[in-house]
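S.K.: Sequence first, predicted model second:
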Amino acid sequence: MAKTAIIGAGSWGIALSALLHNNGHEVTVWSALPQEIDSLRQTRALKTLPGLTLPDSIRFTAEISEAVSDKDFLVMAVPSIYVR
């Protein structure tokens, strides 16, 4: 089991977080948008991925230091329009 940070909470980041979690990894998802993190914490779902409910063990944060500290690997899933 690897400690993983997903950088980006869009469709791609959330899909990857579910996949990695289902394969036994510890997952933390980061977004620069606090309202997006709050929504994910409350609903455990994303409108663009109907039928996917995220497990309670996936953590969400808007603090980049919290997301990347003590992780085995990082996955960049930030949409290209926001990379800049």
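M.R.: Okay, I see it.
S.K.: From here on, just use CA atoms for contacts and neighbour counts.
M.R.: Fine.
S.K.: Could you tell me how many residues sit around the closest residue to Val68 other than its chain neighbours?
M.R.: In this structure, Val68 finds its nearest non-sequential neighbour in Ala5, 6.0 Å apart by C-alpha to C-alpha, 6 or more residues apart in numbering. Residues near Ala5, counting by other C-alpha atoms under 10 Å, number 27.
S.K.: Now the helix or strand hosting Ala5 - C-alpha only, PDB.
M.R.: According to DSSP states H and E, Ala5 maps onto strand 3-7. Extracted in PDB, the C-alpha atoms of strand 3-7 (Å, rounded to 0.1, in the frame of the first residue of the first chain):
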ATOM      1  CA  LYS A   3       0.600   6.800   0.400                       C
ATOM      2  CA  THR A   4      -0.600   8.700  -2.600                       C
ATOM      3  CA  ALA A   5      -1.500  12.300  -3.300                       C
ATOM      4  CA  ILE A   6      -3.700  13.200  -6.200                       C
ATOM      5  CA  ILE A   7      -3.100  16.800  -7.200                       C
END
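S.K.: Mind listing the strands it pairs with, and their directions?
M.R.: Paired with strand 3-7 in the same sheet, following DSSP bridges, are strand 26-30 (parallel), strand 73-76 (parallel).
S.K.: Now do the shortest one: distance to the chain's middle.
M.R.: Spelled out, that is strand 73-76. On the basis of C-alpha atoms, centre = their mean, to the nearest Å, strand 73-76 sits 10 Å off its chain's mean C-alpha point.
S.K.: wait, what's in contact with Gly24?
M.R.: Contacts for Gly24 (C-alpha atoms under 8 Å, 6 or more residues apart in numbering) come out as 1-2.
S.K.: Could you report the pLDDT at it?
M.R.: Looking at Gly24, its pLDDT is 98.
S.K.: Would you verify that it is located in a strand?
M.R.: No - secondary structure of Gly24 (DSSP: H, G, I helix; E, B strand; the rest coil): coil, not part of a strand.
S.K.: I'd like to know how far it sits from Tyr82.
M.R.: Relative to Tyr82, Gly24 is positioned 29 Å away (C-alpha to C-alpha, to the nearest Å).
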